[in-house]
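Enquirer: Below are the sequence and a predicted model; questions follow.
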Amino acid sequence: MVWPPYEPQKYSDVGIPEDVAAAWAALLDDILGIESIIDHDGNPQPHYLGVSTDAKAAFVAWHDQLAEDLVNAPDDDVRAAWGKLKGVCLRIALAFTCADGVAQGQIKSVDVGTMRRAIAVTTWFQDESARLYADICVESEDDDKRDGRRLAEWIRGRGGALTVRDVQQYGPMRFRRSADVVTGLLVALSPQSCNHHLRAAKQFSRWLWRDGRAKTDPRHQRRALEPAEVARLLPTAEHGPAVAGLAGHVRATLYRLVLGTGFRANECRTLVPEVFNLDTQPPTVTMRAARVRRDTGSNGPDDTPRPGDGPCGVD
């Protein structure tokens, strides 16, 4: 799924070189000409292409990172789009292997180089789908919000930095208004611009990490909350609105549990009433070791409020 930003299409006499067009057509003909295997009953069967050990290891690492990204996806629409990328990556690897095979005269198994190329392309699709949904999944807008969003898109397509006078002189006709009106639209763009730059920064951080230019993924660096942060978080949640179907007081209790045990979101989803023992001092939560990260334990400040009268322990 792609939706490239609009850019002015200026006149050019340069077209696709004939040799490039001919090579592309020949490649497609060769791929389409791959013959199926005929079984004993005369029925066509697909070729079986294996995956090298290194290629599988690269795919598994990317697959598990995608699983983390799905948990942290900004919304359900993006999560649904990303969920289809597992199969997309393998299909792209298959297409690359076939293209390389017909060029070399022999189709072999998927090697690690081909898998990494497929992962790079699939990661680009992942980033592009997030950008696309952020641009088009806009809930009901009034005229001013719609004009502001379209003005932001127009400005981004021209480098992202324009003055009020630029908009008045060169912008779309509907934006060639008085300076006060244009200034008001530009001021209203501030939250949208911040969100756009935040998405771009996250995409850049992901690329740095996956390209080996950063040792860790800056997007997933975590730290323990300071006592002052906890003191603000809990009452804010307690008296706040429902989020993800959880009322404020329920979220506050869940936060206390997480602060007292160090459980991750997916680990909390596995908890059932039987694992809680509220009659002991302190109360405990028991989880099977296979589900607990190695660093699970009490990581909240000593004075953090817990469920019950005492601190919440973990077996």
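Expert: Cool, the structure landed. Residues are numbered from 1 along each chain as shown.

Enquirer: Give me the neighbour count for residue 101.
Expert: 18 (other CB atoms under 10 Å). Every residue, glycine included, has its C-beta placed from N, CA and C.

Enquirer: That should have said residue 165, apologies.
Expert: Residue 165 - counted by other CB under 10 Å - has 10 other residues nearby.

Enquirer: helix or strand for it, which one?
Expert: Assigned by DSSP states H and E, residue 165 belongs to helix 164-170.

Enquirer: What residues sit buried inside that helix?
Expert: 164, 167 (16 or more other CB atoms under 10 Å).

Enquirer: do stretch 242-254 as well
Expert: By neighbour count on 16+ other CB under 10 Å, the buried set for stretch 242-254 is 248, 251-254.

Enquirer: Please flag which of the residues you listed sit within helices.
Expert: Judged by DSSP state H, the subset of these located in helices is 248, 251-254.

Enquirer: if I look at the residue nearest to residue 98 when sequence neighbours are not counted, how far off is residue 115?
Expert: Nearest residue to residue 98 in three dimensions, chain neighbours excluded: residue 31, at 5.4 Å (CB to CB, 6 or more residues apart in numbering). Using CB to CB, to the nearest Å, residue 31 is found at 19 Å from residue 115.

Enquirer: quick one, which of those two is more surrounded?
Expert: Neighbour totals were compared for residue 31 and residue 115, and residue 115 leads with 25 against 15 (other CB under 10 Å).

Enquirer: next one: phi and psi at the more buried one?
Expert: phi -60, psi -40 (degrees, to the nearest 10).

Enquirer: gap between it and residue 51?
Expert: Taken as CB to CB, the span from residue 115 to residue 51 is 7 Å.

Enquirer: Now list whatever residues contact both of those two.
Expert: residue 59 (CB atoms under 8 Å, 6 or more residues apart in numbering).

Enquirer: Helices along the stretch 51-200 of the chain, start to end?
Expert: 53-71, 76-83, 85-104, 112-136, 143-156, 164-170, 179-188, 190-210 (DSSP state H, counting those that start in this stretch).

Enquirer: ugh, wrong one, the stretch 201-315 of the chain
Expert: 227-238, 248-261, 265-269.

Enquirer: Put the alpha carbons of the shortest one into CSV.
Expert: It refers to helix 265-269. What follows is helix 265-269, C-alpha atoms only, in CSV (Å, rounded to 0.1, in the frame of the first residue of the first chain):
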residue,chain,number,x,y,z
ALA,A,265,1.4,-5.6,28.6
ASN,A,266,1.2,-9.1,27.0
GLU,A,267,2.0,-10.8,30.3
CYS,A,268,-0.8,-8.9,32.0
ARG,A,269,-3.2,-10.1,29.4
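
Enquirer: how far out from the middle of the chain is that helix?
Expert: Centroid separation for helix 265-269 versus its chain: 20 Å, with CA atoms, centre = their mean, to the nearest Å.

Enquirer: Could you pull out the buried residues of that helix?
Expert: residue 267.

Enquirer: elements contacting it?
Expert: Packing partners of helix 265-269 (3 or more CB pairs under 8 Å, 6 or more residues apart in numbering; DSSP states H and E): helix 248-261.

Enquirer: Now the helix it packs on: average pLDDT?
Expert: Helix 248-261 comes out with an average pLDDT of 89.
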